[in-house]
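Participant: Provide a 3D model corresponding to the input given below.
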Amino acid sequence: MKINSKYTKRQIFIIALILLNFISFIIIFGRYLTNTINDFFVRSKEFYFFSDKLSEKTSIYQVDNWSGVDDYIITINMNSSNNNIEVASYDIGYEISYTCSENAICQLSKNEGTILANTNSDYFNLTITPNRQLNTGDKVVVTVTVKSTAPYKKTISGKFTLVVGKEKLSYQITDSSQNPYMQLSMTNTLSYYTVNERFSTYNVGDKIDIDTYLKLSTIDKEKCYSALVDIKFNPNEILFDVTNNAYTDATNITTTVINGKTYINGFSIKIDAISSKEIRFYKVDINKNYSYPYGTNKSIVNITSK
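Facilitator: Purely as a prediction, here's the structure:
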């Protein structure tokens, strides 16, 4: 009898465990089904609420070699279009919140916004300012959350990590699907210039601080550089905007012939010390999103510098 009693208790335990797992599965599946139905419902109502840097699964970004001294500005674009045909026909309001690590001060350009039906786009800026001395390897972590308020509710977010590194060149690409162009932003954190051509008492390779450089004549300044950047790209994918100011500053321009037409596929450009430069490229396929760094995206441009 004792053996049968123990066996019965074991059976009860196993059955209870199976039921518990089954109930847990039903709950999890129910949540998934509810979210799926809700997503289908809002899409069926032309509710499109997207961003170039935020997502429902929390997009992850990391910027290396930040100076740790200058402000870092993140522009977050919002849109209410699924593609160039499927767009929301009404305004969508949203609220913005963030968490910021203790070693920095974060400021939003606004706390709420509206994606208007006649533009299907909006944007806001987040400015990150260090509030103490940061050393190489230190990190500033910021999470941005945006919630739609009307007519339907949806939450998207992104986590941004800035890592203080050695002085050098860094870059990012701002883009989103349906944008006709992408923006390449390059930041030079070097605080000096290098002599590229001998002049006066300076030899090739000598380093010059910013104050000394600013006192040089225009001719002598041309013989120096802080960051000399080479940019290569495929004109089958992106086209250099020759109306951009960067075109007049570009040197060593290289070209290639595609279907009998000549296209620029590379050039060099100087970036002053402790400064940034933005270059626009038009996209051959506007459905592409060339944002970088973004998820598993590889950079659409090949950049080297000295």
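Participant: How are the helices of the stretch 201-306 of the chain distributed by residue range?
Facilitator: With DSSP state H, counting those that start in this stretch, the ranges of helices along the stretch 201-306 of the chain come out as 210-214, 218-221, 245-249.
Participant: how far does the last one sit from the chain's center?
Facilitator: Just to be clear, that refers to helix 245-249. Remark: helix 245-249 is offset 24 Å from the chain centroid, using C-alpha atoms, centre = their mean, to the nearest Å.
Participant: Only the buried residues of that helix, if you could.
Facilitator: Neighbour-count burial for helix 245-249, with 16 or more other C-beta atoms under 10 Å as criterion, is recorded at 246-247. Quick note: C-beta positions are derived from backbone N, CA and C, even for glycine.
Participant: Can you pull out the low-pLDDT segments for this structure?
Facilitator: Low-confidence segments of the chain, defined by pLDDT under 70: 1-17, 19, 21-45, 166-167, 295-296.
Participant: how is it carved up into domains?
Facilitator: Under the assignment named as automatic domain parsing, the residue ranges that make up the domains of the chain are 1-44, 49-166, 167-190+226-306.
Participant: if we can go back for a sec, nearest to Lys53, out of the helices of the stretch 201-306 of the chain?
Facilitator: helix 245-249 (23.5 Å; C-beta to C-beta).
Participant: sorry, back to before: export the domains of the chain as TSV, with columns for distance to Thr218.
Facilitator: Formatted as TSV, the domains of the chain follow (distance: least, C-beta to C-beta, whole Å):
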stretch	distance to Thr218
domain 1-44	58
domain 49-166	27
domain 167-190+226-306	14
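Participant: Which among those domains is found nearest to Val204?
Facilitator: Closest approach to Val204 among these is made by domain 167-190+226-306 (12.5 Å; C-beta to C-beta).
Participant: quick one: contacts for Ala88?
Facilitator: Ala88 sits next to 46-48, 80-81, 115, 117, 120 when contact means C-beta atoms under 8 Å, 6 or more residues apart in numbering.
Participant: Repeat that for Lys139.
Facilitator: Lys139 touches 101, 161-164, counting by C-beta under 8 Å, 6+ apart.
Participant: For my notes, please list the residues you listed in CSV and give secondary structure for each entry.
Facilitator: Formatted as CSV, the entries for the contacts of Lys139 read as follows, by DSSP: H, G, I helix; E, B strand; the rest coil:
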residue, secondary structure
Ser101, coil
Thr161, strand
Leu162, strand
Val163, strand
Val164, strand
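Participant: returning to what we had before: could you dump the helices of the stretch 201-306 of the chain into JSON lines with distance to Lys306 added?
Facilitator: Compiled in JSON lines, the helices of the stretch 201-306 of the chain are given as follows (distance: least, C-beta to C-beta, whole Å):
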{"stretch": "helix 210-214", "distance to Lys306": "17"}
{"stretch": "helix 218-221", "distance to Lys306": "18"}
{"stretch": "helix 245-249", "distance to Lys306": "17"}
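Participant: Count the residues that sit near Asn125.
Facilitator: Counted with other C-beta atoms under 10 Å, the neighbours of Asn125 add up to 12.
Participant: Make sure it is indeed in a strand.
Facilitator: Yes: Asn125: assigned to a strand according to three-state DSSP.
Participant: Assess the claim that it and Thr75 are in contact.
Facilitator: Yes: in terms of C-beta atoms under 8 Å, Asn125 counts as a neighbour of Thr75; the distance is 5.4 Å.
Participant: Report the buried residues of stretch 176-193.
Facilitator: Buried residues in stretch 176-193 (16+ other C-beta under 10 Å): 176-179, 181-184, 186-190, 192-193.
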